[in-house]
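[1] Provided below are the primary sequence and the corresponding predicted coordinates.
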Amino acid sequence: MRLPAPIPASLAATALCLLLAACHSAKVFVPPNLRPPTDTGDALAQARQRLQNATPCCTSFADFSYRQLLPWRPKEFELGANSPVANLNGVRSYFLAFKLPTDVPLPYRIAMKSELKGRWLHSSYLFAPTTVVLDDAFQPVDSKDVPLCEYMGWSKTTTGAFGSATIDSPKARYLVIYSSADQQSGATYWEQSPAAFSAESPVNMTSKGSFKIPHGPDGTVWIGLMNDTYKTAVDEAICGEPPKGDGLLKTLSTALPTHWIGDIN
């Protein structure tokens, strides 16, 4: 049996060079939370300018369409370039309008969540909702800027800035969600460091440092009747920097039975 002819040294050297060149030019995969920021320009300023350039459809609550029933559980809505714009008292905002259920006992809670707009914390912002409850004549019954509080879940679904509103008036028939001037110029406390948090990988976070997320005119929001998942997030969310204590030993000395204090000291 004839053995194959040996490969010429020059050909082998050429093949090796081509292989090394291919390896050198191959892209190395970097996890999303370790990649450098790719955002260019001021995304928030651009979003604000798009809102100002949009043509408002409505200037009063009676102009809105209320054919959409409030979701029975929190549902995702995208507010942005394809959303209608209202001009209320000189303030422009994207908005959502709902018909409220009449067969739910009062009072009941409405859950809200705003997602980070942007991949990286230092360049992200949030849509901060304002709620207006209307009667059957489209007259305001109640209005409030909803405070947003941070809750870090184990997935993107359970992570975000959470808030809630309570419907307690028997006159309540409709609900409008928009963002007031105060909300659009405000910010939400965020406990995580912007250098170590990625919106795409919320589990990769640090417990050191804090940050304030500015509010913006657009973004992803979840709206609907309160459920257990959102109740946990709303009730356990972090709304601001906790006050500093007197230290562990001081806390223990006031919390433990008197006859234990001597052992601690």
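    Yep, it's here.

[2] strands of this protein, start to end?
    Counting by DSSP state E, one finds strands in the chain at the ranges 75-79, 85-88, 91-94, 96-99, 108-114, 126-127, 130-134, 140-145, 149-151, 160-167, 174-178, 187-190, 211-216, 219-225.

[3] can you get me a residue count around residue 138?
    Taking other CB atoms under 10 Å as the neighbour definition, residue 138 ends up with a count of 16. To be clear about C-beta, it is placed using only N, CA and C from the backbone, and glycine gets the same treatment.

[4] my bad, should have said residue 182
    Applying other CB under 10 Å, we find 12 other residues in the vicinity of residue 182.

[5] of all the strands of the chain, which one is nearest residue 241?
    Judged by CB to CB, the one of the strands of the chain that comes nearest to residue 241 is strand 187-190, at 6.7 Å.

[6] same question for that closest one, mean pLDDT?
    What strand 187-190 shows for mean pLDDT is 94.

[7] shouldn't residue 236 be in contact with residue 151?
    Yes. Residue 236 is in contact with residue 151 according to CB atoms under 8 Å; the separation is 6.4 Å.

[8] more neighbours, the two?
    Between residue 236 and residue 151, counted using other CB under 10 Å, residue 151 has the larger neighbour count: 20 against 11.

[9] re earlier: which one of the strands of the chain is the most hemmed in?
    Of all the strands of the chain, strand 126-127 carries the top mean neighbour count, a mean of 28, counting by mean count of other CB atoms under 10 Å.

[10] so what secondary structure elements neighbour it?
    Using 3 or more CB pairs under 8 Å, 6 or more residues apart in numbering; DSSP states H and E as the contact criterion, the elements in contact with strand 126-127 are strand 211-216, strand 219-225.

[11] weakest of those in terms of mean pLDDT?
    Set side by side, those differ in mean pLDDT, and strand 211-216 is lowest with a mean of 92.

[12] what lies in contact with that strand?
    Defining contact as CB atoms under 8 Å, 6 or more residues apart in numbering, one finds that strand 211-216 is touched by 44, 47-48, 116-117, 121-122, 124-128, 161, 179, 183-194.

[13] still on that earlier bit, redo the strands of the chain as JSON lines? Include distance to residue 69.
    Putting the strands of the chain into JSON lines (distance: least, CB to CB, whole Å) gives the following:
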{"stretch": "strand 75-79", "distance to residue 69": "11"}
{"stretch": "strand 85-88", "distance to residue 69": "20"}
{"stretch": "strand 91-94", "distance to residue 69": "20"}
{"stretch": "strand 96-99", "distance to residue 69": "5"}
{"stretch": "strand 108-114", "distance to residue 69": "13"}
{"stretch": "strand 126-127", "distance to residue 69": "22"}
{"stretch": "strand 130-134", "distance to residue 69": "15"}
{"stretch": "strand 140-145", "distance to residue 69": "18"}
{"stretch": "strand 149-151", "distance to residue 69": "27"}
{"stretch": "strand 160-167", "distance to residue 69": "14"}
{"stretch": "strand 174-178", "distance to residue 69": "10"}
{"stretch": "strand 187-190", "distance to residue 69": "29"}
{"stretch": "strand 211-216", "distance to residue 69": "27"}
{"stretch": "strand 219-225", "distance to residue 69": "10"}
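
[14] can you tell which of these is closest to residue 65?
    Across the strands of the chain, closest to residue 65 is strand 96-99 (CB to CB), at 6.1 Å.

[15] using PDB, write out every CA atom in that closest one.
    The C-alpha atoms that make up strand 96-99 are tabulated as PDB, following Å, rounded to 0.1, in the frame of the first residue of the first chain:
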ATOM      1  CA  LEU A  96     -52.400  55.700  27.600                       C
ATOM      2  CA  ALA A  97     -56.100  55.800  28.300                       C
ATOM      3  CA  PHE A  98     -58.200  53.000  29.800                       C
ATOM      4  CA  LYS A  99     -61.700  52.300  30.800                       C
END
